[in-house]
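Visitor: Need a 3D model of the sequence below.
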Amino acid sequence: MSHTSFGKKATELVKEISLSIETSASPSSIPPYNDELVRSILEEVKAHHREMLSLLRKLENVENNDTEKRSISAAMETHHFSILRNKKALMIYLNERAKRIQSLRWTLGVGLPDSISENLSHSERDYFTRYSKILNKYMGKKDGINMNLTLDRDPPKEHKVQVRCLKDNGETYFKDGVVDLRKDTVHLLWREEAQELIREGVLEKLDDA
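Guide: Below is the predicted model of the structure:
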């Protein structure tokens with residue numbers, strides 16, 4: 001193992017995720033999981049550990065030679081801090097990706113497009129599924145707060161919003177009763193109920209009430 005290569009791959013990994021932050025317009029965009037580089041860093045960690053064990057055995061056999069002991073101890077410390085550096089880089093990479101995966105659930109819902117899903121590792125796709133289940137339970141009627149928090153990320157000034165129908169949608173059931181959503185008609189609806197129809201292009205919001 002070359003001393004000049006210590007931490008080089010870990011640095012590449014951090015630069016990769018950092019660059020994707022700078023160049024992306026969306027906080028929920030996520031680059032392909034770099035499995036090859038992650039595995040290389042883990043292998044490097046194992047190599048550092050093997051070197052430390054070898055040096056430890058060597059240190060145990062050194063007698064009455066303080067200079068050599070200090071030299072071996074310094075080498076062991078170098079490998080130890082290299083392991084910590086690699087660990088920190090991996091945690092930065094994985095933590096940033098985890099935050100973006102959470103953001104995907106809030107912006108895209110429970111289903112991920114293939115173009116995004118294929119950028120995730122198997123563990124990350126599993127994490128997205130588990131996170132979705134936890135969020136769904138929290139927002140649910142039975143065990144949660146009975147409110148869809150993903151409909152409007154910004155806190156509303158009021159709970160109702162004025163909307164105009166962009167196309168006929170027929171009689172639609174809301175909490176206040178049945179509303180006939182005909183094109184060009186204007187209604188005052190609960191924000192959480194109107195938001196989904198706004199996303200679908202059935203309604204448009206007229207104000208920020």
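Visitor: Can you give me the domain assignment for this protein?
Guide: 3-139, 160-205 (automatic domain parsing).
Visitor: Endpoint to endpoint, the shortest one covers what distance?
Guide: In terms of C-alpha to C-alpha, to the nearest Å, the two terminal residues of domain 160-205 are separated by 11 Å.
Visitor: roughly how far out does it sit from the chain middle?
Guide: Relative to its chain's centre, domain 160-205 lies at 33 Å (C-alpha atoms, centre = their mean, to the nearest Å).
Visitor: C-alpha coordinates for the helix-or-strand element of the chain with minimal mean pLDDT, PDB please?
Guide: In the chain, no helix or strand scores lower on mean pLDDT, DSSP states H and E than helix 191-200, which sits at a mean of 84. Output of helix 191-200 as PDB, limited to C-alpha atoms (Å, rounded to 0.1, in the frame of the first residue of the first chain):
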ATOM      1  CA  ARG A 191     -55.900  23.400   0.900                       C
ATOM      2  CA  GLU A 192     -55.000  19.700   1.600                       C
ATOM      3  CA  GLU A 193     -57.900  18.500  -0.600                       C
ATOM      4  CA  ALA A 194     -57.300  21.000  -3.400                       C
ATOM      5  CA  GLN A 195     -53.600  20.500  -3.700                       C
ATOM      6  CA  GLU A 196     -53.700  17.100  -5.300                       C
ATOM      7  CA  LEU A 197     -56.200  18.300  -7.900                       C
ATOM      8  CA  ILE A 198     -53.900  21.300  -8.600                       C
ATOM      9  CA  ARG A 199     -51.000  19.000  -9.200                       C
ATOM     10  CA  GLU A 200     -53.200  17.000 -11.600                       C
END
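Visitor: quick one: contacts of stretch 48-56?
Guide: Residues external to stretch 48-56 that are found in contact with it (C-beta atoms under 8 Å, 6 or more residues apart in numbering): 1, 72, 75-76, 79-80, 82-83, 86. In short, each C-beta sits where N, CA and C put it, glycine included.
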